[in-house]
Each structure stands twice: as structure tokens, then as C-alpha cells.
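Engineer: Could you work out the structure for the sequence below:
(2 chains)
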Amino acid sequence: MRRTSGRVVALLVTGVFALGACTGTPEDGAAGDAPAEGGAVAGGEAAAPVEATGSARTVTGSMAETTSDIPDGAGVQGTVTITLRSVEVSEQTMTVRWATRWDGEDAEPDAVLSYYDMGLGTAATVIDATNLKVYRPFCTNGSWKGDGTDPILCEDSMVSSVRDVVAAKLPNHGTVEGWASLPAPEGKPAKVDVMPIEGLPGFTQADVTYLDGDS
Amino acid sequence: MTLASGALMVALAVGGLAVGAESSPSAEPSPDPALMAEIAEEQQADLERLESVTVTDTMRADATFDLRPDGSRWDLVPADATWDLRPDDSTTPLETVVEKDESTTVRLTSDLLFQFGEHEVTKAADAAIRDLLDDVPRDAKVAVDGHTDSIGDDASNDELSQRRADAVAGILRDARPDLRLTVEGHGEQQPIAENEVDGKDNPAGRAKNRRVEVSYTGTVG
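Structural biologist: Below is the predicted model:
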């Protein structure tokens, strides 16, 4: 089962780099083409609404949403819904925000699963197909491009809300906000493809909002 | 530039509050409030860590990949994501037999016994375990011990190792009612290989530690 709403369609990585449009139509879900909460138009036509809350920014809108079964072989049941909230660039940093929700109808109401339980990875990825670049979250230890355990150390130290696939919890029916900090895309693309969670469909053609007003 | 001074000021809205209400009618089930509060605390800690990070040009370059097959290190480039399947150096046996004095210990790798995160023995592994019983003497005392690697907390590992040991014992009991079984889960407390080397993760060692051991004395005949 897979449902996608909004004009941003999902992409699914299946071992090799495969971009695949999702099934589903813009009318499938809540986001659709109707204005989302706060007056934003889903599908990336406008930036998600942002409320200034001191030093924090609360994003309550959504660009698109996709719901998928937990991958086969994980040994657990249910669906995971990813809501892409925003892709914003300021100075030399790109921030991706999303929300993750697990619904296990056969699980106890207070059940909890980790990403590890679901066979999912937590390194967000942004692909700029126009300028042929791929971006991953900054890390403070190790290296994505290093050898041996460097990539593992890098993943463990990502500048991201979710790093530890075992410790990070997803409560049944709970929506958990996520974010990751990546390099600002070179060439200032208007749209990028976003995969917030490894192993689940992502989003193609997501609008990039340049907060510094250069786009 | 520190991220705190840049654009990365993030929201910590968690749970079925504003966010949940957006996509879920009120009649839908809601998450455990205590757990959601716990997650919010963890995310607050993450935010504090984030605010202390200074992004350097080196970090920026390391997180940027060229989407080109030539010279790229990006994992998802098809040319980089294709391997030759060589059974001679990639096959992991289900069992390893360790004999000492008159006792025999058969170490069964959990990676082949169970599906990911599960404690139910796969059908193929069930048959393989039954085959091993040909070497176990009649009425033998058999110890079945479950072990995990060091990933996860102690409580989870203890429970998983116990359940996996129980699953293997169930097969033994079904196939050989004559055996006198003792079953125990040890979690990560009795590793046979290093989970970390020089402070770094050691996946090969952890794989060895994920196991169920079947031990007995004597020989058939």
C-alpha cells in the first residue's frame, strides 16, 4: 500500500538509484491541492507557514505526504507516513524538516518501534538532479567519504534530529518531527528531491525556499 | 558559522499536538503522552547540541557528492552500487561447532536463524536445527543459551536473547522429547568477539555475538 498526496510525488530507492513516481493522485489525501493549515498551498507552491517562536521556528504546514507499508522483512507491521514540511536555505545551510508517524493497527496503543525495528535508516538525502549533486547531513565526526568506520562515525554524529536507529523511538500513532542540516545546494536549484528516511519513499520536485531572498 | 547563528532554528513540535491534529481526526487513536514528552526532551537535547555545532568548509565538502558515475563516491550511483556475488567468501554457515573435553557447543548464528528483529525461527533454519540433533546423545542434558550483540539497551537484549533461546529450545523439544533442556537468555553479557575495536564499531564482531548456543556432553553411540 502506498498513498501520496500533494504535487510532490514520492521516490523510492531500491538498492540502486531508481527514481520512481508514486501511485496515487493529488486528490488522495489531506494535502492535495487544497490549502493546508495556515493558508499554505500544499505541493510546494508556497513555503510552509512559519511561526517565529523566539529562537525556534515552528513549521506547521506541509508540502506533501506519503504513506507506505513498513518494508517487507522488517518483521513488524503497519504504515509509516512521512510529511515533508519544508526545504529552506539560508546562507550556506539547507534545512529539511519533516514529520514521521507510525500507525500499527495490530500493535498495542502504547507500542513503540525504533527505526532499527523497521529496517529503516535515518540519514536524510537531498538530490539536485539539475546540478547533479547529492547532499547528506553535516556530521561532526568521521566522514561520509572516508574508509572503514568513518561513515559509521559520521552517521552517528549527523546534525540531524534522528541519528541512532536503535534509540530513536516512534510511538504508535504519534507524529514525531524531524529535521536535518545539510549544505546549501550549489547553483541554487528551484526544486530538489528529498528522501528524509532511508528505506521509505521520498519526494521529488520539492520547492526550495531561499530565506535570504535570492530565489 | 555556527548553526545557531544561521538559519537552522528548528521546531520541536512533537506528537499529536498541532502536528497530529493537522492530519488526524480527533477520533483517531493518540500516542502515549508520557512517551511523547520523553521524545520532546530528547529532541530538546538534540537542539542544544545542534546550536553548538560550527559548520566548516570541510564538513560542507564532505556532505556534498557529485551525482556522476565517474569518480563519485556516492553510494547510490549505479556503477558504485553493483557487486559481484562471490559465494566462496560471502557464505556464512549456520552453525559453528566448538568441542572441548567431552562437551560440545553448537553456535548458531542468529542472523540466519531469525528474521530481522524477530524471535521466530525461519522455516529453513528450523529444518537445519533438527538435522543437528543427530549428533546429540539420547536423554542428554542440553543447555540452550541466547546472546545478542551490544546494540540496544540491556533490557531489550535480555528479552530478545531469551525469546530466541526459547524458540530454538522449542524446536529441540518438539524433535527430541527425550532431551533435558535448560534455557537462558544472556543478552549482551557474554560476547565471544569484540563489539568495538579501538572505540569504533566492529560489525563483524557483533555478528558473531548474535547467536544461540546449544551445548551438551557425550557423543552418540
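Engineer: Flag the shaky bits of the chain, pLDDT-wise.
Structural biologist: Let's take chain A. For chain A, residues meeting the criterion pLDDT under 70 lie at A:1-62, A:73-74, A:214-215.
Engineer: look at chain B instead
Structural biologist: Per-residue confidence for chain B (pLDDT under 70) gives these ranges: B:1-28, B:68-93, B:116-117, B:220-221.
Engineer: Give me the residues contacting the helix or strand containing B:Ala207.
Structural biologist: Taking DSSP states H and E as the criterion, B:Ala207 maps to helix B:203-209. Contacts of helix B:203-209 with the rest of the structure, by CB atoms under 8 Å, 6 or more residues apart in numbering or on different chains, involve B:92, B:109, B:111, B:147-151, B:188, B:191-197. No exception for glycine: its C-beta is placed from N, CA and C like everyone else's.
Engineer: Could you point out the helix or strand that follows it?
Structural biologist: strand B:211-217.
Engineer: Could you list every helix and strand in contact with that following strand?
Structural biologist: The helices and strands touching strand B:211-217, judged by 3 or more CB pairs under 8 Å, 6 or more residues apart in numbering or on different chains; DSSP states H and E, are strand B:103-109, helix B:110-113, strand B:141-147, helix B:154-175.
Engineer: list the buried ones in that strand?
Structural biologist: Using 16 or more other CB atoms under 10 Å in any protein chain shown as the test for burial, strand B:211-217 gives B:Arg211, B:Val212, B:Glu213, B:Val214, B:Ser215, B:Tyr216.
Engineer: Need the residues you listed in JSON lines (columns: distance to A:Asp106).
Structural biologist: As requested, the buried residues of strand B:211-217 are exported to JSON lines (distance: CB to CB, whole Å):
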{"residue": "B:Arg211", "distance to A:Asp106": "30"}
{"residue": "B:Val212", "distance to A:Asp106": "27"}
{"residue": "B:Glu213", "distance to A:Asp106": "33"}
{"residue": "B:Val214", "distance to A:Asp106": "33"}
{"residue": "B:Ser215", "distance to A:Asp106": "37"}
{"residue": "B:Tyr216", "distance to A:Asp106": "39"}
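Engineer: Tell me the bridge partners for the residue of chain A found nearest chain B.
Structural biologist: Proximity of chain A to chain B (CB to the nearest CB) peaks at A:Ser90, 2.5 Å away. Under DSSP bridges, the beta-bridge partners of A:Ser90 are A:Thr93.
Engineer: which stretches of chain B form helices?
Structural biologist: B:18-23, B:33-51, B:57-62, B:87-90, B:110-113, B:123-132, B:154-175, B:203-209 (DSSP state H).
Engineer: Now render the ones you listed as CSV, adding mean neighbour count.
Structural biologist: Conversion of those to CSV gives the following (neighbours: other CB atoms under 10 Å in any protein chain shown):
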stretch, mean neighbour count
helix B:18-23, 20
helix B:33-51, 16
helix B:57-62, 15
helix B:87-90, 6
helix B:110-113, 20
helix B:123-132, 15
helix B:154-175, 19
helix B:203-209, 16
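Engineer: Put together TSV for these, with distance to A:Thr149 on each row.
Structural biologist: As requested, the helices of chain B are exported to TSV (distance: least, CB to CB, whole Å):
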stretch	distance to A:Thr149
helix B:18-23	36
helix B:33-51	21
helix B:57-62	15
helix B:87-90	21
helix B:110-113	20
helix B:123-132	30
helix B:154-175	22
helix B:203-209	9
